[in-house]
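Colleague: here are the coordinates; sequence isn't available:
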């Protein structure tokens, strides 16, 4: 087994590192202070091909693959987790779903624009009473002539307040649970769609999250993505792509916590010596380092399997569960090492800790993935079953 990264993959790592040093780190504090979403930086990332790794070249991507995607995600997340979120909606979820299920007209209209960062996307699944239970969504879409009429509310939708395009899931046959879900491409300036920003729900002031309310919102019939009542399959395949992005973000976030904890332990003195010389601090640093390394290997393995086209739903759940749990453990230990400064805005740890907690919930909670892994191991329900 060869663990050596190719020149292309090393180039992706260098690209993320250099971009972060030039465009993100010098400006991140200003974004947090003002709460401004850095749309211009998302556009710059798109122009450099950051979001095109899992998109075919014919639709504006680079086709570099999931491992290259993961390396870019990790590098940007290590610098600032707000911008790492863009890899989900600009590269892995919305445009990938359109490539997989869209008509030629839908692909031509949206995919290149999303990948280049010219328009901002979001995907809208979660509702006030439906999170992990996708089949339990209550938003509806009723066919009316040459249009569908959408009604319902979506909550906690990342990028909703700044998005130009939303991939919305709603029931076209409410009696059929998951077999009655359809997917729609809805432009956010559509009449009777109202979006409200929900502040302070993540560790970043400049990561916009919102509520989307549809009240007799008419969208053209050609906004349907995939077959009517086929939205559950659209969502499942889409989430397979995003579930490599989330653990990569968790690894980058955990590495950032470790990057902050090590120099702090070297510089902070107590009882006349650096706290890094204390055995219990050494224990924390050692375990943090080992956990991040293990999580990274699981995520890279998952990306490799996806690039090979191999079934990997089980491995996706393992990587997501382990990386997100490691992310929280590492963030908590980094906060402990920082002491009271771990709660201060002067240091990045407090925001990183909130991000780590969020990543345990995003794209399937830890408990959902525990169930998937256990059911597969016990033979009750194979993870890769359609």
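Modeller: Alright, I've got the coordinates. Everything quoted here is computed from the prediction, not taken from an experiment.

Colleague: so residue 194 is in which element?
Modeller: strand 193-197 (DSSP states H and E).

Colleague: Going along the chain from that strand, find the next helix or strand for me.
Modeller: Moving toward the C-terminus from strand 193-197, the next element (DSSP H and E) is strand 209-220.

Colleague: strand partners of that next one, parallel vs antiparallel please.
Modeller: strand 147-158 (antiparallel), strand 193-197 (antiparallel) (DSSP bridges).

Colleague: Give me whichever of those is most buried.
Modeller: strand 147-158 (a mean of 21; mean count of other C-beta atoms under 10 Å). Glycine gets a C-beta too; all of them are placed from N, C-alpha and C.

Colleague: How far off centre is it?
Modeller: Its chain's C-alpha centre and that of strand 147-158 lie 20 Å apart, by C-alpha atoms, centre = their mean, to the nearest Å.

Colleague: again with stretch 139-150
Modeller: That offset, for stretch 139-150, works out to 29 Å (C-alpha atoms, centre = their mean).

Colleague: can you tell me the distance between the two ends of stretch 308-317?
Modeller: 18 Å (C-alpha to C-alpha, to the nearest Å).

Colleague: how about it: buried residues?
Modeller: 312-317 (16 or more other C-beta atoms under 10 Å).

Colleague: residues making contact with the strand holding residue 194?
Modeller: 150, 160-161, 163, 186, 188, 208-215, 217 (C-beta atoms under 8 Å, 6 or more residues apart in numbering).

Colleague: from those, which is closest to residue 54?
Modeller: For these, the residue nearest residue 54 by C-beta to C-beta is residue 163; the value is 19.8 Å.

Colleague: Now the closest one: closest residue in space that isn't a chain neighbour?
Modeller: residue 122 (4.1 Å; C-beta to C-beta, 6 or more residues apart in numbering).

Colleague: So what sits opposite that neighbour in the bridge?
Modeller: Under DSSP bridges, the residues paired with residue 122 across the bridge are residue 166.

Colleague: That one reaches residue 160, doesn't it?
Modeller: Yes. With contact defined as C-beta atoms under 8 Å, residue 122 counts as touching residue 160 (5.1 Å).

Colleague: The two: which is more packed in?
Modeller: residue 122 (29 against 24; other C-beta atoms under 10 Å).

Colleague: Which residues lie in contact with that one in this structure?
Modeller: By C-beta under 8 Å, 6+ apart, the neighbours of residue 122 are 89, 94, 157-160, 163, 165-167.
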